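A.B. asks: pasting a predicted model and its sequence here:
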Amino acid sequence: LLNYRLCRYDLQTGETVVYPIKELARKINRSFYFNSMDEGPNETLWMGTNFGLICFHKNTGQFEIFKDDDDKKIERGDIWTVKFDAFGSLWMGTQSKGLLKYDNTSLLKTYSNKNEVKNSLTPGWANNVREISGGKILITTGGQNGSGGFNVLDPETDMISIIPNNEIAPLIWGINSVYE
């Protein structure tokens, strides 16, 4: 992404196709940047931005701003990471709304940190989301003073297991990427 455009480069032919994003920036009336991207169903790319979720339709070359319900969790949220799981659910890690799950219904499931609730995420913004073995979802959170950690969500039971950063190693302030 450079100067408000998405570029597709073909490794075999060396050709570049440019998709301008200026019209989309005008529509939201502010500048924005992309944090992450994942390929979705039906020839789509889903992009987490500092201004919400954007869908790019590869077959038409059109961009679309995702609109959610009245509380605007996605539409104006700072989405750090997007990831589709094997079931087609879209998982979004956000800076201030926690972990969001969208599965093409009108309901948006939210997971966040609530100190008084045992089954909640570690504090901080959800900055990594990855499907791991057994269909579980691994989420890392980061925040000030090393308050984040690893979180493993079992979508079948809706239970979250957590490992705070300070239990992994002293003085860890955040986790930038993970793999299994």
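C.D. replies: Received, thanks.
A.B. asks: so which elements touch the lowest-mean-pLDDT helix or strand in the chain?
C.D. replies: Lowest by mean pLDDT, DSSP states H and E among the helices and strands of the chain is helix 22-28, with a mean of 72. Helices and strands touching helix 22-28, by 3 or more C-beta pairs under 8 Å, 6 or more residues apart in numbering; DSSP states H and E, are strand 62-65. Glycine gets a C-beta too; all of them are placed from N, C-alpha and C.
A.B. asks: other SSEs contacting the helix or strand just after the strand it packs on?
C.D. replies: Beyond strand 62-65 on the C-terminal side, the first helix or strand identified by DSSP states H and E is strand 79-84. Strand 79-84 sits against strand 34-40, strand 44-49, strand 52-57, strand 90-94, strand 125-131, with contacts defined as 3+ C-beta pairs under 8 Å, 6+ apart.
A.B. asks: one more time with 7 Å
C.D. replies: strand 34-40, strand 44-49, strand 90-94, strand 125-131 (3 or more C-beta pairs under 7 Å, 6 or more residues apart in numbering; DSSP states H and E).
A.B. asks: now the ones you listed in JSON lines, with mean pLDDT, distance to Lys118 and mean neighbour count?
C.D. replies: Shown next, in JSON lines, are those (pLDDT from 0 to 100; distance: least, C-beta to C-beta, whole Å; neighbours: other C-beta atoms under 10 Å):
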{"stretch": "strand 34-40", "mean pLDDT": "87", "distance to Lys118": "29", "mean neighbour count": "16"}
{"stretch": "strand 44-49", "mean pLDDT": "90", "distance to Lys118": "28", "mean neighbour count": "21"}
{"stretch": "strand 90-94", "mean pLDDT": "88", "distance to Lys118": "21", "mean neighbour count": "26"}
{"stretch": "strand 125-131", "mean pLDDT": "84", "distance to Lys118": "18", "mean neighbour count": "23"}
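A.B. asks: many thanks, we can stop here.
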